[in-house]
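Visitor: below are the sequence and a predicted model; questions follow.
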Amino acid sequence: MPLSPNKTQWNDEHTLILLRSIVLSTLSNRASFYSTPGLEGVNEHGGDRIHKKIQQLLKQLCGTVPGGQGIVEEVMKDIKRTKKERGQGVGNSMEKKRKIKDEE
């Protein structure tokens, strides 16, 4: 079936863009997985085990696509950089709140 005049042929670049989008969407919304029924027994330590398993599965998925290796690591760096710029997450520059004792 011929493409219409305004359509572009799907190529490997489109596949990598879509794959990166899937990884970004999954990692950005990973907190929603922590309350998934059936995962209650593995969500201790702030969901770290689930987070690592998500990364492992995404790396396996990306490894099946030529040129997809390293996408998970790139997206993780982008997420951390964005959080740091917004002053959120680990390594932020915001000082901890401290209790101030009333002087008597």
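Guide: Arrived safely, thanks for sending. Residues are numbered from 1 along each chain as shown.
Visitor: drop to CA atoms for contacts and neighbour counts, all remaining ones
Guide: OK.
Visitor: all helices of the chain, in order?
Guide: Using DSSP state H, the helices of the chain run over 12-28, 44-63, 71-86.
Visitor: using a markdown table, lay out these together with distance to residue 4 and mean pLDDT.
Guide: Converted to a markdown table, these look like this (distance: least, C-alpha to C-alpha, whole Å; pLDDT from 0 to 100):
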| stretch | distance to residue 4 | mean pLDDT |
| --- | --- | --- |
| helix 12-28 | 18 | 95 |
| helix 44-63 | 31 | 90 |
| helix 71-86 | 32 | 88 |
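Visitor: now those as TSV including mean neighbour count?
Guide: Putting the helices of the chain into TSV (neighbours: other C-alpha atoms under 10 Å) gives the following:
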stretch	mean neighbour count
helix 12-28	15
helix 44-63	15
helix 71-86	15
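Visitor: adding distance to residue 6, write these out as CSV.
Guide: Listed next are these as CSV, based on distance: least, C-alpha to C-alpha, whole Å:
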stretch, distance to residue 6
helix 12-28, 16
helix 44-63, 30
helix 71-86, 30
